[in-house]
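Participant: Turn this into a model:
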Amino acid sequence: MKPVPVLLITHDDLLWQHWRALDPARWLAARGRGLADLQRWREQGRALAVLDTGLPRLPSWQDPIWATTLADMHVVVASPSPNDEEGTRALGAGAHGYCHGYAPAASLSQTLEVVASGGIWMGRSLVSRLLKLVAERAQDTQSWDGGLLTDREITVARYAANGQANAPIAEALGITERTVKAHLSAVFEKLGVTDRLQLALLVHGISAPADNRMKITS
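Facilitator: Predicted coordinates:
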């Protein structure tokens, strides 16, 4: 298998050296120093890149420029001090992943594997934040389960879709966490989703691509 080209965009020489620890048998790393390099990468027919948030004069994530800059690209945004607010904005702007800039090479490689295949990568706290936003801004639809779930599975799914962890769900329903996990496994399998965020999008009537994979980090 040929190594996959990935553009690593940073002006920081120390961060570049850290990123170069990626396995060269899997990743063909090239260095970029700005958004112009990302545009050239696109023109070469390539899509995978990592973008350092420490770049000088980086536009805010609300800037309309990102709609064209990140379109059809698989970009991981890497921050030296990641936080959920920035992660939400970066993903909203079109990024496919958000991670710590100095994550170990093995972790960055795992992130790239998911994003290169069209998936989304984010941390658990960011997922919880997005679950709550989805629940606040959308209404529960009546036919989201397609008649595939039992009444108890529907109840568990709704709790999970509103951001509840397994322990509070178990306490609310008077069942064990193991039973909650079993119900959720059945829900995921029956509905064809892979995680809680995809479930929330479905429960609240927000369409998500059927082939989208999402990786939630610890």
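
Participant: For this protein, list the residue farthest from the centre, please.
Facilitator: Using CA atoms, centre = their mean, the residue of the chain lying farthest from its centre is Gly174. It sits 32.3 Å away.

Participant: domain ranges for the protein?
Facilitator: Per automatic domain parsing, the domain ranges recorded for the chain read 4-118, 128-217.

Participant: Which residue ranges of this protein form helices?
Facilitator: Counting by DSSP state H, the chain has helices at residues 13-19, 35-43, 65-69, 84-93, 105-116, 124-137, 151-161, 166-173, 177-191, 196-203.

Participant: of all those, which lies closest to Val76?
Facilitator: With CB to CB as the criterion, Val76 lies closest to helix 105-116 of those, at 5.5 Å. Any C-beta I mention is one placed from the backbone N, CA and C, and that applies to glycine too.

Participant: Least confident of the domains of the chain, on average?
Facilitator: Sorting the domains of the chain by mean pLDDT places domain 128-217 lowest, at a mean of 76.

Participant: Give me whichever of the helices of the chain is most buried.
Facilitator: Mean neighbour count (mean count of other CB atoms under 10 Å) peaks for helix 196-203 among the helices of the chain, with a mean of 24.

Participant: I'd like to check the angle between that one and helix 177-191, please.
Facilitator: Angle of helix 196-203 versus helix 177-191, following axes from the mean of the first three to the mean of the last three CA atoms, to 10 degrees, is 60 degrees.

Participant: So which elements touch helix 196-203?
Facilitator: Contacts defined by 3 or more CB pairs under 8 Å, 6 or more residues apart in numbering; DSSP states H and E place helix 196-203 against helix 124-137, helix 151-161, helix 177-191, strand 214-217.

Participant: Can you report how many residues lie near Arg33?
Facilitator: Arg33 has 14 neighbours, counted by other CB atoms under 10 Å.

Participant: Perfect, I'm done here.
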